[in-house]
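Participant: here is my input; please provide its structure:
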Amino acid sequence: FRMVTKKDERGSIYFDARESKPEEDVGISREPSVYFDAAQSMSVLNEENAPQIAKHHRRISIEEPSTLLSRKSLQKPFRRSNRSIRRESTLRRMQLAAKEKFPSFAFLAPQVKVGEWGFPGELTKDELTICQTFHSELNERDSVYKEMVRAFSTVEDEAYSLCRFLRARKFDIDEVFKMMDDAVPFWKEAKAQNFYPDLNNALGAPLSVVTTQFPTFKFGIAKNGCPVTYTLAGRINAEGINCMIDLDGLLKVQWNNIMFQFVEKIAESQAEHPSFVRCEGMNVMDLKGLSASQLNSNTLDVIKKQSDIAVCFPETLNKMVILNAPGFFSLSWRAIRKFLNPSTAQKIEVISNEKKGIERMKALIADHNLPSDYGGNAASTASIMEVQCQKDGVIRQFVEQMNNRKKKHEFELKTLESVTLSVFTRSVSSAKFSLRKDSGTLKSCEILHSNASTPSCTKIAGPVQGPGKLNVVAEFTGACTFLLVGEIKTDQ
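Facilitator: Have a look, this model is predicted:
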């Protein structure tokens, strides 16, 4: 914004929201100015005048090719006057001074300025020609290619979609289509299922239970406007996951996260920051508690499969921060990097020191958007996941892995509470589960599972009314793993 200063008794500072640069520098005519008093309360900026700022952003459209060009490509070379240079330098100093004195005024300026290579508005004439060619070829090919490019059409303008795919292969159209050729089979398979909108049905297990074994969730917006996804890799329980779903199940979760949750979060970010135009997210992976045994061939297989899906959505990672990386992770990281695109690998930060990790998180994410586990003022990661994954009518749940080392689980019901118990497994060894209260047995159930390749779910009791202290005891006939799930509801 061009800023004009006028001092009154309060020392107010006024911003001209209509101008972006001095007229003589860009050769545009002056539009009617709109001034905002940075010393005033923000409450005076009502819905009628505040949107004028967002509407003034330079229009970007593939139908208007010149709007995709950088200003350097649009302008003819000219020699700037000393007066012009001094004027712009003065404006910059005034803007910095105002930002320090009135930090709440920052919302009037774009929260994310994409002045980077390969984005619309920053293209050279050669890159614009490539973009137009890519656009034409998409219309001539199988419609699946255009579907992939326009996957985020509700939140991403076409010009940004085209440039996102082109940036992934440095504006080499042949390489872009080669990348898309590899992704087409995965896209078609997921599209046939409408990208799994109902995960509970698609997985065959409640998402609230799956999340306890594979803890991942989206929460908050980073300072640069990107939505943030957290994965608590150190708490991933492969045995528990195996009791409920297989590798394909995790891939269904990823499709749902990208096609539905990611788009929803981008829309929320755009509503909060009207100038946000990136379709990019920030990922935080916490390795606290991770053991070397968890990084096995199955883990690498999951990463490879997820990388295959990510090819359908290039350049959607803004940054990944890996926290609390143990010493042995450096060896595994070398193997993992092989499955990643080089440009993606460059966006990943690995931090071993917990204190430095928290400092980095606070630098990237404002306190009100940061879980308390990482030094923020928001709720803890456990509370956030519990709220996001809570089933209708269920006030709380417990999930316990039971095997030859763990054969008993105790819990308590309050007045007007009831519990329903289920067991997930793919173990072929039989087991007997008994629900007991005090010294008596309320319910017994024997589980016989014959197909190890397919998990099963068996309801063993419920609803059982409280109050009282209860326990579940298991008897096994061989080596096996079962996942006990208790859903507690209230009659109030």
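
Participant: what helix or strand is the spatially most central residue of the chain on?
Facilitator: Centroid-nearest residue in the chain: T229, 3.8 Å away (criterion: Cα atoms, centre = their mean). With elements delineated by DSSP states H and E, T229 resides in strand 227-231, which encompasses its position.

Participant: next one: that strand to chain centre, how far?
Facilitator: With Cα atoms, centre = their mean, to the nearest Å as the basis, strand 227-231 stands 4 Å off its chain's centre.

Participant: strands paired with it, and their directions?
Facilitator: Strand pairing for strand 227-231, using DSSP bridges, gives strand 216-221 (antiparallel), strand 281-286 (parallel).

Participant: and the helix or strand following it, how far out from the chain's middle?
Facilitator: The element immediately downstream of strand 227-231 (helix or strand, assigned by DSSP H and E) is helix 238-244. On the basis of Cα atoms, centre = their mean, helix 238-244 is displaced by 24 Å from the centre of the chain it belongs to.

Participant: check which residues of helix 238-244 are buried.
Facilitator: G240, I241, N242, C243, M244 (16 or more other Cβ atoms under 10 Å). In this view, the C-beta of every residue, glycine as well, is placed from N, C-alpha and C.

Participant: residues contacting that helix, please?
Facilitator: By Cβ atoms under 8 Å, 6 or more residues apart in numbering, the list of residues contacting helix 238-244 from outside reads 203-205, 209-210, 212-214, 249-250, 294, 298-299, 399, 401, 424-426, 455, 457, 481-483.

Participant: so which of those belong to strands?
Facilitator: Among those, the subset assigned to strands under DSSP state E consists of V399, Q401, F424, T425, C457, T481, F482, L483.

Participant: what pairs with the last one across the strands?
Facilitator: Meaning L483. Listed by DSSP bridges, the beta-bridge partners for L483 are Q401, F424.

Participant: let me see the contact set for it.
Facilitator: Residues touching L483, when contacts are defined by Cβ under 8 Å, 6+ apart, comprise V209, Q213, G240, C243, M244, V399, E400, Q401, M402, V423, F424, T425.

Participant: how far away is the fifth one from A168?
Facilitator: For M244, the distance to A168 equals 34 Å [Cβ to Cβ, to the nearest Å].

Participant: what about stretch 471-483, distance to the chain center?
Facilitator: Here the centre of mass of C-alpha atoms in stretch 471-483, compared against the chain's by Cα atoms, centre = their mean, lies 37 Å away.

Participant: tell me which residues of it come out buried.
Facilitator: V472, V473, A474, F476, C480, T481, F482, L483.

Participant: check those against V284 and report the nearest one.
Facilitator: L483 (26.6 Å; Cβ to Cβ).

Participant: circling back: format the ones in strands among the contacts of helix 238-244 as CSV; extra columns: pLDDT.
Facilitator: Listed next are those as CSV, based on pLDDT from 0 to 100:
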residue, pLDDT
V399, 94
Q401, 93
F424, 94
T425, 93
C457, 92
T481, 91
F482, 94
L483, 95
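
Participant: I'd like these laid out as JSON lines, including distance to L435.
Facilitator: Formatted as JSON lines, the ones in strands among the contacts of helix 238-244 follow (distance: Cβ to Cβ, whole Å):
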{"residue": "V399", "distance to L435": "16"}
{"residue": "Q401", "distance to L435": "18"}
{"residue": "F424", "distance to L435": "17"}
{"residue": "T425", "distance to L435": "17"}
{"residue": "C457", "distance to L435": "17"}
{"residue": "T481", "distance to L435": "20"}
{"residue": "F482", "distance to L435": "14"}
{"residue": "L483", "distance to L435": "16"}
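
Participant: which one of these sits closest to I358?
Facilitator: Nearest to I358 among the ones in strands among the contacts of helix 238-244, counting by Cβ to Cβ, is V399 at 28.3 Å.

Participant: can you show me the helices along the stretch 301-450 of the chain?
Facilitator: Using DSSP state H, counting those that start in this stretch, the helices found in the stretch 301-450 of the chain span residues 329-337, 342-345, 354-364, 381-389.

Participant: beta partners for K408?
Facilitator: Applying DSSP bridges to K408 yields these beta-bridge partners: V473.

Participant: which residues does the strand holding T229 contact?
Facilitator: Contact with strand 227-231 is made by 215-222, 257, 262, 265-266, 268-269, 281-286, 365, 369, 371, 381, as judged by Cβ under 8 Å, 6+ apart.

Participant: what do you get if the cut-off is 6 Å, keeping everything else the same?
Facilitator: The set of residues that contact strand 227-231 without belonging to it, under Cβ atoms under 6 Å, 6 or more residues apart in numbering, is 216-218, 220-222, 265, 269, 281-285.

Participant: contacting residues for E412?
Facilitator: E412 makes contacts with K469, as judged by Cβ under 6 Å, 6+ apart.
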